[in-house]
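Peer 1: After the sequence you'll find the predicted model.
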Amino acid sequence: AKRRNDKTFAIYSDFMDAKARELLSLENGLRTAVDNGEIFMVYQPKVHVASNQIAGAEALVRWLHPELGLISPVNFIPLAEDSGMIVSIGEWVLRESCFQARRWQLMGYKDFKIAVNVSIRQLHEPDFISTVKSALHDSELPPESLIIELTENMIMENAESNVVKLQKLNDLGAKISIDDFGTGYSSLSYLQRFPLDQLKIDRSFISEIVSDSSPAPIVKAMISLAHDLGLSVVAEGIETPEQLKRIQLLKCEEYQGYLCSKPVIATEFQTLLESDYRL
Ligand code: C2E
Ligand code: CA
Ligand code: CA
Ligand code: CA
């Protein structure tokens, strides 16, 4: 039995080594990914429910690794956060997204809004506010066309110190959206104190919205809470016409999801803009 345990341990330890080596080489790869042009953005439409027109986009980052192929942000964002590389990647993401949004505005989609995901590590960077300021300045994007998406989990942790940060963002004129709402713990008093503009209901609530079970009252309650706080509501992950119908009845302002489009590269997004979805 002892031998067997040893062997199990040896295999386990080899596995750990392999995993550690893999992570280390991924981390090294990430270090040069931006400079090597391996990082790029895709855009998913944010659709105005009442008019079925595109109101803007959420910018989502992608990494095309030279050997491993496309790597999901779910896998490399945590790595970028741990290593601190999220700060430079995040700055690139922000600038790229602002410049792209401005190009679409100049093409005639003048009210186009771009939503950019920001992680906690970026938010707490001392230079963060000035980074946002110069991205807006250099791209000439009007501040109110930029929406910063922050997850509920992230801003509710150390909420007090985040109030100040969010206030500064708000003072710049940028909009603030609370992402993945419903998956974390929200302190209702903080919801009121943060200068928020938008609330995004997490996909996990939407997927069950048509089966006549329990989530519908919860979604309903979240939407009325948001409206009472003066926030507009975005439903994430709308995949079927039935789900769209439901959130329409619940007076949700916007939606995102495969029903309209998956996230696509800028040229494809432009085709969407030029088709039926004219602003
Ligand atoms: P998120 O901010 O909640 O983004 C929504 C995710 O849901 C995206 O995954 C999107 O592709 C996916 N999605 C959209 N519509 C549907 C749908 O109808 N059905 C399904 N099943 N999925 C849908 P993605 O692009 O893989 O991004 C995953 C997460 O990675 C994001 O979740 C966000 O937390 C993070 N992320 C992505 N880009 C960035 C970035 O530039 N910076 C930071 N800090 N995080 C990012
Ligand atoms: Ca988001
Ligand atoms: Ca505001
Ligand atoms: Ca989300």
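Peer 2: Nice, thanks for sending it over. Numbering: from 1, shown residues only. Ligands and ions are numbered 1, 2, ... in the order given.
Peer 1: quick one, what contacts the residue lying closest to His124 once chain neighbours are set aside?
Peer 2: In space, and not counting its chain neighbours, His124 is closest to Lys165: 7.6 Å by Cβ to Cβ, 6 or more residues apart in numbering. From N, CA and C alone the C-beta is placed, and that goes for glycine too. Counting by Cβ atoms under 8 Å, 6 or more residues apart in numbering, Lys165 makes contact with Leu123, His124, Phe128, Ile129.
Peer 1: same check, this time on Glu149
Peer 2: Glu58, Ala115, Val116, Asn117, Val118, Ser177, Ile178, Asp179, Lys200.
Peer 1: what's the closest non-adjacent residue to Val163?
Peer 2: Here the residue nearest Val163, using Cβ to Cβ, 6+ apart, is Arg193, at 5.6 Å.
Peer 1: Please report how far that neighbour lies from Ile238.
Peer 2: Between Arg193 and Ile238 the distance is 30 Å, computed by Cβ to Cβ, to the nearest Å.
Peer 1: Please, which helix or strand holds the residue nearest to His124?
Peer 2: helix 159-172 (DSSP states H and E).
Peer 1: So which bits of that helix are buried?
Peer 2: The neighbour-count check on helix 159-172 (16 or more other Cβ atoms under 10 Å) flags Ala159, Asn162, Lys165, Leu166, Leu169, Asn170 as buried.
Peer 1: Redo these as TSV? Include pLDDT and distance to Ile71.
Peer 2: Formatted as TSV, the buried residues of helix 159-172 follow (pLDDT from 0 to 100; distance: Cβ to Cβ, whole Å):
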residue	pLDDT	distance to Ile71
Ala159	91	32
Asn162	94	29
Lys165	95	29
Leu166	96	30
Leu169	97	29
Asn170	98	34
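Peer 1: so which of those residues are also by ligand 3?
Peer 2: Asn170 (Cβ under 5 Å from the ion).
Peer 1: Tell me which residues touch the residue nearest to Ala33 when sequence neighbours are not counted, please.
Peer 2: Nearest non-adjacent residue to Ala33, counting by Cβ to Cβ, 6+ apart: Ile39, 5.1 Å away. Neighbouring residues of Ile39 by Cβ under 8 Å, 6+ apart: Ala33, Val61, Arg62, Trp63, Leu64, Ile89, Trp92, Val93.
Peer 1: The fourth one reaches Leu70, doesn't it?
Peer 2: Yes - if you go by Cβ atoms under 8 Å, Trp63 and Leu70 touch, sitting 7.2 Å apart.
Peer 1: With neighbour numbers in mind, choose between these two.
Peer 2: Applying other Cβ atoms under 10 Å to Trp63 and Leu70 shows that Trp63 carries more neighbours, namely 23 against 8.
Peer 1: so Leu196 touches Ser232, yeah?
Peer 2: No - using Cβ under 8 Å, Leu196 is not in contact with Ser232, being 9.9 Å away.
Peer 1: and for the two, which residues touch both?
Peer 2: Between them, Leu196 and Ser232 share no contacting residue, judged by Cβ under 8 Å, 6+ apart.
Peer 1: How about the residue nearest to Ala33: which residues does it bridge to?
Peer 2: For Ile39, the beta-bridge partners under DSSP bridges are Trp63.
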